[in-house]
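Colleague: missing the sequence, but the structure's below:
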DNA sequence: ATAGGGTTAG
């Protein structure tokens, strides 16, 4: 009789659902189900039917239905303990935590499944605190946790950093014999120790688990690769194969990260083969991991080949490609990939945006970067620290530290990275006081400065001529036992050297355990500024002992001889360089106009389609600058030639060409140019005057810093 | 009836 009714019910339900799918809206379909439940609830008793009905409620997310079933269960004398856990589980699956909690609180006797379901729900929704509270309540109520409880709750411990309590529960798992016997408990433990950064203990747990499976071993591999113990990760993977445990896409993903970190292309390709052999070749996660691995190993073509085989790349796949291309210096391609992604209507996330922004800031692509800024806003990432730092970096590298600051001030959370980025932006642009102010705020917030902070602060002092402040900071960093690297020393050597305190600068180098070429070259360029030929010769001899024929040193020395008029020495140096087949890095400037980049090389305009117009504009600008007092500084010419030829050479320095081009194209607003070397004294004084002539700000990024030319003066205070 | 691992970033 009952069975018949149940069968009838199913048929009834089928009738309704087919009816619903054909002609009804989803709401009316659920309405039909309510009617159905109402009818059914009148006379039902079997466990089987209750389960079926609960399933219907879960599918229809119907709390009303649940309540009806509850009444019916009570009426029919269904064991309260069982019905309770069933109802709690069903309410949680309907997303009704409030009702579940209400049921839970009303129970006199609670089945362990009830506890487990609630804990699992909290874990699933990352409500770790409540999960742990529930677990504690369970213990105080003398309910002994089982394998289900433990395999869930460990995640909450690691999430909240409750290591002590976690170890106590681990002990419980050992006493109950679950650590060894239940692989779920074992993997949860491994995962937990991994999250605590304790890979050694994770491995000890793994070794004790009797029947090891993929998840267990993968959890350990993940731990190794996230901690940078990449060799261990690869070893664990190999031993997994030895134990005949079949890896899956999760396993491949983590071991491939380690291969990428190790640049272990041999194992990387081996795993690629394994992926094909075990049928994971068209699993998106595996494809993405392979793509990333190839990019980390700088095999851009291989990664593109993998990408082409992917039918539907997702957000992560696209992002991985974009960030990898940027890391390999293929910014242009990265940005075109980004545009393709947007065209395919794949939503970007903060990873995507910060990668694309880094592509822009590497090349100081202002317009492109601004467009990405509007995408950042469109998708609601204005307050995000990752996208935000990307924007700060972009604006900093485009010479707009005020815009960088606007972004910084909207961030919802200030952390060491965003602070460092902002301080560095100020430093590059010569806003020393602003940088120091932010640094003080950082200390006030209780954040410990790291090596990037130290470099940014020193650079800020250096670029603003704050020598005393810089020295004071340096001393305090030394006292605070902050690790100082060669870069930090190089910054100080530059600062002291440029201030003419060459002896102190040299002393500082002797303090360094392993002085590198950069340090010596820095001191050498200070010699060049102050025309200290003898000291420079002394240093050059020293450097050439460590690094015979060092290109940078020879060029600096040759330029020093040239600027002091020692032309025979210049010829000598040049012949040495020629013999060693060294070529000077040609000076280049570039400028972005209408999202197109135009590159200029000194004296080289013949190939430009508008050379005539550019030269005419340039002549006008030089004439007007001369009217306001510009005089050529011929010490900036490093070749021995006739005076008029020197003038001509000066007039065609790449930055002058780039500025003339921008003026001719009538670029609106500021003029923003970039240069691969440092700007020379002659161009510097010329650009100052031109900024007044055309009454516009000219921002020039050279290889070391920014110069903001406005109304006849420069932000660097003629100190660079 | 209730349970475990991964991919992209400054």
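Modeller: In hand now; what should we look at? Since we're looking at a predicted model, the values are computed, not measured.
Colleague: can you give me the neighbour number for residue A:642?
Modeller: Residue crowding around residue A:642 was assessed by other CB atoms under 10 Å; the count is 8. The way it works is simple: take the backbone N, C-alpha and C, and place the C-beta from them, glycine included.
Colleague: now it: how far from residue A:634?
Modeller: To residue A:634, residue A:642 is 11 Å away according to CB to CB, to the nearest Å.
Colleague: kindly report the same for residue A:555.
Modeller: For residue A:555, the distance to residue A:634 equals 19 Å [CB to CB].
Colleague: higher neighbour count, these two?
Modeller: A direct count of neighbours by other CB under 10 Å for residue A:555 and residue A:634 places residue A:555 higher, at 20 against 14.
Colleague: near DNA strand B, which residues of the stretch 151-300 of chain A are found?
Modeller: Proximity of the stretch 151-300 of chain A to DNA strand B (CB under 7 Å from any atom of the strand) is limited to residues A:151-152, A:155, A:182-188, A:191, A:213-216, A:218-219, A:222, A:226, A:247-251, A:253-254, A:257, A:285-286, A:288-289, A:292.
Colleague: switch the cut-off to 6 Å
Modeller: A:151-152, A:155, A:182-184, A:187-188, A:191, A:213-216, A:218-219, A:222, A:248-251, A:253-254, A:257, A:285, A:288, A:292 (CB under 6 Å from any atom of the strand).
Colleague: any quick ChimeraX command for the buried ones out of those?
Modeller: This is how ChimeraX selects the buried members of those, with burial counted by 16 or more other CB atoms under 10 Å:
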select /A:151,152,155,182,183,184,187,188,191,214,215,216,218,219,222,248,249,250,251,253,254,257,285,288,292
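Colleague: doesn't residue A:79 make contact with residue A:50?
Modeller: No. The criterion here is CB atoms under 8 Å, and residue A:50 misses it with residue A:79 at 11.2 Å.
Colleague: select the helix or strand of chain A having the lowest average pLDDT value.
Modeller: Every helix and strand of chain A was ranked by mean pLDDT, DSSP states H and E. The lowest is helix A:2-23, at a mean of 42.
Colleague: tell me the phi and psi of the residue in the stretch 151-300 of chain A that DNA strand B sits nearest to?
Modeller: When scored by CB to the nearest atom of the strand, the stretch 151-300 of chain A has residue A:285 as its residue closest to DNA strand B, at 2.1 Å. Backbone torsions for residue A:285, taken as degrees, to the nearest 10, come to phi -60, psi -40.
Colleague: show me what contacts it?
Modeller: Applying CB atoms under 8 Å, 6 or more residues apart in numbering, we find residue A:285 in contact with A:249, A:250, A:252, A:253.
Colleague: next: residue A:329.
Modeller: Applying CB under 8 Å, 6+ apart to residue A:329 gives the contacts residue A:362.
Colleague: make it 10 Å
Modeller: By CB atoms under 10 Å, 6 or more residues apart in numbering, the contact list for residue A:329 reads A:298, A:300, A:359, A:362, A:363.
Colleague: of those residues, select the buried ones using a PyMOL command.
Modeller: In PyMOL, a selection of the buried entries from those looks like this (16+ other CB under 10 Å):
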select buried, chain A and resi 300+359+363
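Colleague: now, the contacts of residue A:329 that are in helices?
Modeller: A:300, A:359, A:362 (DSSP state H).
Colleague: contacts only, for the second one.
Modeller: Just to be clear, that refers to residue A:359. Residue A:359 sits next to A:322-323, A:325-327, A:329-338, A:365, A:368-369, A:372, A:390, A:394 when contact means CB under 10 Å, 6+ apart.
Colleague: buried ones only from these, please, as a ChimeraX command.
Modeller: Selecting the buried subset of those in ChimeraX, with 16+ other CB under 10 Å as the burial test, is done by:
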select /A:322,323,325,326,327,330,331,333,334,335,337,338,365,368,369,372,390,394
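Colleague: which ones among the contacts of residue A:359 are found in helices?
Modeller: A:322-323, A:325-327, A:331-338, A:368-369, A:372, A:390, A:394.
Colleague: if we check DNA strand B, which of those are in contact?
Modeller: Answer for the ones in helices among the contacts of residue A:359 near DNA strand B (CB under 6 Å from any atom of the strand): A:323, A:390.
Colleague: which stretches of the stretch 351-500 of chain A form helices?
Modeller: A:366-378, A:385-397, A:401-410, A:416-428, A:432-444, A:451-463, A:467-479, A:486-498 (DSSP state H, counting those that start in this stretch).
Colleague: tell me which of those sits most buried.
Modeller: helix A:385-397 (a mean of 27; mean count of other CB atoms under 10 Å).
Colleague: run the angle between that helix and helix A:401-410 for me.
Modeller: 160 degrees (axes from the mean of the first three to the mean of the last three CA atoms, to 10 degrees).
Colleague: who are the packing partners of helix A:385-397?
Modeller: helix A:350-362, helix A:366-378, helix A:401-410, helix A:416-428 (3 or more CB pairs under 10 Å, 6 or more residues apart in numbering; DSSP states H and E).
Colleague: which one of those helices lies closest to residue A:660?
Modeller: Residue A:660 sits nearest to helix A:366-378 of all these, at 19.5 Å, using CB to CB.
Colleague: same for the closest one, what does it pack against?
Modeller: Counting contacts by 3+ CB pairs under 10 Å, 6+ apart, helix A:366-378 packs against helix A:331-343, helix A:350-362, helix A:385-397, helix A:401-410, strand A:588-593, strand A:671-675.
Colleague: how about residue A:708, secondary structure?
Modeller: strand (DSSP: H, G, I helix; E, B strand; the rest coil).
Colleague: next, the buried residues of stretch A:151-162.
Modeller: Quick answer for stretch A:151-162 (16+ other CB under 10 Å): A:151, A:152, A:153, A:154, A:155, A:156, A:157, A:158, A:159, A:162.
Colleague: oh, that last question was meant for stretch A:624-634, not what I typed.
Modeller: Buried residues in stretch A:624-634 (16+ other CB under 10 Å): A:625, A:630, A:632, A:633.
Colleague: span of that stretch from start to end?
Modeller: Terminal residues of stretch A:624-634 are spaced 19 Å apart (CA to CA, to the nearest Å).
Colleague: mean confidence score for it?
Modeller: Averaged over stretch A:624-634, pLDDT sits at 84.
Colleague: and stretch A:307-321, by the same measure?
Modeller: Model confidence over stretch A:307-321, given as mean pLDDT, is 96.
Colleague: buried stuff in it?
Modeller: A:307, A:310, A:313, A:316, A:317, A:318, A:319, A:320, A:321.
Colleague: of these, which is the nearest to residue A:377?
Modeller: Looking across those and measuring by CB to CB, the closest to residue A:377 is residue A:319, at 18.8 Å.
Colleague: neighbours around the spatially closest residue to the closest one that is not a sequence neighbour, how many?
Modeller: In space, and not counting its chain neighbours, residue A:319 is closest to residue A:352: 4.3 Å by CB to CB, 6 or more residues apart in numbering. For residue A:352, the tally of surrounding residues (other CB under 10 Å) stands at 27.
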